[in-house]
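1. Quick check, what structure comes out for this input:
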Amino acid sequence: QVQLVESGGGLVQAGGSLRLACAASGRTFSIYAIDWFRRAPGKERERVAAINWSAGYTHYVDSVKGRFTISRDNAKNTVYLQMNSLKPEDTAVYYCAARISMSATTPTYWGQGTQVTVSS
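-> Next up, the predicted model:
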């Protein structure tokens, strides 16, 4: 089992920044990648960023490229999502999730989510 706990959400004005953290515990050696998803009201869940746990390769959805940065601190078993130049459309509940194999298309473990609200 892997446990994931998000932190760092909150209310920020448009153009501002927030940094989310995802702390992993348990069988962290089994993690292949960590994803950040978001779900906005009335919209489908969307994967916004991903990072390979060991090698650090990253991937972003087009809407956040150049604004969001995903990174990891393996010593702390923590993945971060630095969000800059935030827009009202970034408002959502953000979840981190862990995939345990390269072939996995959906994560196995999920955090509880953290609310991000961007005011205009």
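2. Would you mind giving the secondary structure of the residue most central in space within the chain?
-> For the chain, residue 36 is the residue whose C-alpha lies nearest the centre (Cα atoms, centre = their mean; 2.5 Å). Residue 36 carries the three-state label strand when classified by DSSP: H, G, I helix; E, B strand; the rest coil.
3. who's in contact with it?
-> By Cβ atoms under 8 Å, 6 or more residues apart in numbering, residue 36 lies in contact with 20, 22, 47-50, 70, 79, 81, 94-97. C-beta here means a position set from N, CA and C on the backbone, and glycine is covered the same way.
4. from those, which is closest to residue 40?
-> residue 94 (10.1 Å; Cβ to Cβ).
5. Tell me if I'm right that that closest one and residue 9 touch.
-> Yes: if you go by Cβ atoms under 8 Å, residue 94 and residue 9 touch, sitting 6.4 Å apart.
6. Find residues that contact each of those two.
-> The contact lists of residue 94 and residue 9 share 20, 114, 115, 116, where a contact means Cβ under 8 Å, 6+ apart.
7. Now which of these would you call buried?
-> Listed as buried from these are 20, 114, 116; burial here means 16 or more other Cβ atoms under 10 Å.
8. how about the strands in the protein?
-> 2-7, 10-13, 18-26, 33-39, 46-52, 58-60, 68-73, 78-83, 92-99, 109-110, 114-119 (DSSP state E).
9. Dump those into CSV; add mean pLDDT as well.
-> Output for the strands of the chain, formatted as CSV (pLDDT from 0 to 100):
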stretch, mean pLDDT
strand 2-7, 97
strand 10-13, 98
strand 18-26, 98
strand 33-39, 97
strand 46-52, 97
strand 58-60, 97
strand 68-73, 97
strand 78-83, 98
strand 92-99, 98
strand 109-110, 98
strand 114-119, 98
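10. contacting residues for residue 88?
-> Contact analysis of residue 88 by Cβ under 8 Å, 6+ apart lists 14, 118, 119, 120.
11. oh sorry, the question was meant for residue 29
-> Neighbours of residue 29 in contact, by Cβ under 8 Å, 6+ apart: none.
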